[in-house]
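*Asks:* Any chance you could fold what I've pasted below:
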Amino acid sequence: MTGLAIAVHGLRKSYGDKVVLDGVDLTVPEGTIFSLLGPNGAGKTTVVKILSTLVTADAGDLRVGGHDLAADPQAVRAAIGVTGQFSAVDGLITGEENMLLMADLHHLSKREGRRVAAELLERFDLAEAAKRPASTYSGGMKRRLDIAMTLVGEPRIIFLDEPTTGLDPRSRHGMWQIIRELVSGGVTVFLTTQYLEEADELADRIAVLHDGGIAAEGTAEELKQIVPGGHVRLRFTDPAGYRSAASALDAASRDDESLVLQVPSDGSQRELRALLDRLDSAGVEADGLTVHTPDLDDVFFALTGGAAVPAQSKETVR
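*Replies:* Now for the predicted structure:
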C-alpha cells in the first residue's frame with residue numbers, strides 16, 4: 001500500500017434490491033488527481049460517501065490514507081476533507097465566521113483558528129469579502145470558501161464531488177487552478193465530475209463507472225486509444241489531385257462531391273509522416289488537413305452505451 005492514498009478492492013453497496021456498486025476496484029497514488037466519471041445515478045457520489053466514512057460499504061477491502069476504513073474510520077476522517085456539489089457554507093454568517101466555526105470543529109485555539117482562517121481567506125482571494133454574509137457571495141466565491149473550510153484541518157486527501165457544477169466557465173477555470181495548486185502542495189484529490197473536459201484537463205488518471213463497476217481506467221490518452229474512429233481528413237480543390245490522392249491512399253473513404261478523403265489514423269507523428277510521404281510520392285498536395293482523435297466524449301459514450309451526459313459537459317471552455 002506504500003505510495004497509495006486510496007486503495008479499493010471489491011467494493012459493494014446495495015440499497016434494497018438495487019445494486020449500486022458491484023465489485024469496484026481502484027487505486028489512487030499519493031499527490032495525484034484521480035477523476036471518477038459516470039452517468040447520472042452510476043454511483044459516483046456513493047463511492048465518495050463510502051470512502052469518506054459517511055456511508056458503510058456492504059463489502060470490500062478499503063484503505064484511505066493508509067488506514068483500514070472499517071477498522072479505523074476515525075483515522076480516515078482525520079486524514080480527509082470533503083467538498084460536495086452542494087455547498088456546506090452557512091449563508092447566514094460571514095465568510096470569516098464560517099472559517100472560524102470550522103476551526104472550532106477542529107479544536108484549534110482561538111488564536112490559531114484566526115490565523116488559519118486569515119491565511120486561507122487570503123489564499124482563496126476572499127479576504128476583502130470576509131466580513132460579508134456568505135449569502136452575498138457568488139457561486140464561485142461560495143465554492144472557494146467551501147474548499148477553504150475543508151482545508152482548515154490540513155487534510156492529505158480531499159474528495160471533491162462535482163465541485164464545479166453550476167459554475168460559469170470563468171469560475172470553473174478558477175476552481176481548476178485551485179485544484180492544481182492543492183496537488184502541487186502534496187494533497188491527493190479524488191474528483192467526481194460530469195464535465196468530461198474537466199477530467200481531461202485535470203486528472204492524472206480517470207476511471208469510468210458504469211453498471212456498478214469500473215468500465216475502464218487509465219490516463220486520458222490511454223482511454224482515448226481504446227475507442228476506434230481516429231482519422232485524418234484531407235481536403236482538395238483540384239479534382240485531378242483528389243483522384244491521384246485517392247489512388248495513392250487505397251484505405252481512404254471518399255467524398256467525391258466535396259473532394260474530401262478520410263484516412264484511418266491514430267494521429268501519431270509517425271502515421272502523419274507516412275501519410276504525407278505517400279502524397280509526396282504521388283506528386284499531390286492537399287489543400288487542407290485536419291486530424292481527429294477520439295476524445296473523452298467518445299470514450300464515455302462507447303463505455304456507457306450512450307448514457308446521457310448533461311449538455312454542459314460538451315462545452316469547450318479551454
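*Asks:* contacts, neighbours, all on C-alpha from now
*Replies:* Fine.
*Asks:* In terms of helix, strand or coil, where does V76 fall?
*Replies:* Secondary structure, DSSP: H, G, I helix; E, B strand; the rest coil: V76 is helix.
*Asks:* Mind jotting down where the strands sit in the stretch 101-250 of the chain?
*Replies:* 157-161, 188-192, 205-210, 213-218, 231-235 (DSSP state E, counting those that start in this stretch).
*Asks:* Could you give the separation of the lengthiest helix in the chain from the chain centroid?
*Replies:* Ranked by number of residues, the top helix in the chain under DSSP state H is helix 169-184. On the basis of C-alpha atoms, centre = their mean, to the nearest Å, helix 169-184 sits 12 Å off its chain's mean C-alpha point.
*Asks:* in that helix, what's buried?
*Replies:* S171, R172, H173, M175, W176, I178, I179, R180, L182, V183 (16 or more other C-alpha atoms under 10 Å).
*Asks:* contacting residues for the fourth one?
*Replies:* The contact partners of M175, taken as C-alpha atoms under 8 Å, 6 or more residues apart in numbering, are G140, R144, T164.
*Asks:* before we move on, back to that, between strand 188-192 and the longest helix of the chain, find me the angle.
*Replies:* 150 degrees (axes from the mean of the first three to the mean of the last three C-alpha atoms, to 10 degrees).
*Asks:* Looking at D295 now. What's its pLDDT?
*Replies:* What the model reports as pLDDT for D295 is 83.
*Asks:* Name the nearest residue to it, sequence neighbours excluded.
*Replies:* K224 (5.9 Å; C-alpha to C-alpha, 6 or more residues apart in numbering).
*Asks:* taking the mean pLDDT, what do you get for the longest helix of the chain?
*Replies:* For helix 169-184, the mean confidence score works out to 91.
*Asks:* now swap in stretch 70-77 and tell me
*Replies:* Here the average pLDDT along stretch 70-77 is 95.
*Asks:* In stretch 62-76, which residues are buried?
*Replies:* L62, R63, V64, G65, G66, H67, D68, L69, A70, P73, V76.
*Asks:* residues touching the last one, list them.
*Replies:* Contacts were defined as C-alpha under 8 Å, 6+ apart; by that measure V76 touches S52, T53, V64, G65, H67, D68, L69.
*Asks:* Could I get the full set of helices for this protein?
*Replies:* 44-51, 73-79, 95-105, 110-123, 139-150, 169-184, 196-202, 220-224, 239-248, 269-281, 296-304.
*Asks:* Show me where this structure dips below the pLDDT cut-off.
*Replies:* When residues are selected by pLDDT under 70, those of the chain lie in 1-2, 85-87, 306-318.
*Asks:* Can you tell me how far the residue of the chain most remote from its centre is from V284?
*Replies:* Distance to the chain centre peaks in the chain at A240, reaching 47.3 Å (criterion: C-alpha atoms, centre = their mean). With distances taken as C-alpha to C-alpha, to the nearest Å, A240 is found 9 Å from V284.
*Asks:* Also E221?
*Replies:* E221 is 32 Å from V284, by C-alpha to C-alpha.
*Asks:* higher neighbour count, those two?
*Replies:* V284 (20 against 14; other C-alpha atoms under 10 Å).
*Asks:* so the more buried one makes contact with G241?
*Replies:* Yes. Contact criterion C-alpha atoms under 8 Å: V284 and G241 qualify, at 5.8 Å.
*Asks:* show me the contacts for E217.
*Replies:* R205, I206, A207, V208, L223.
*Asks:* one more time with 7 Å, if that's ok
*Replies:* By C-alpha atoms under 7 Å, 6 or more residues apart in numbering, the residues touching E217 are I206, A207, V208.
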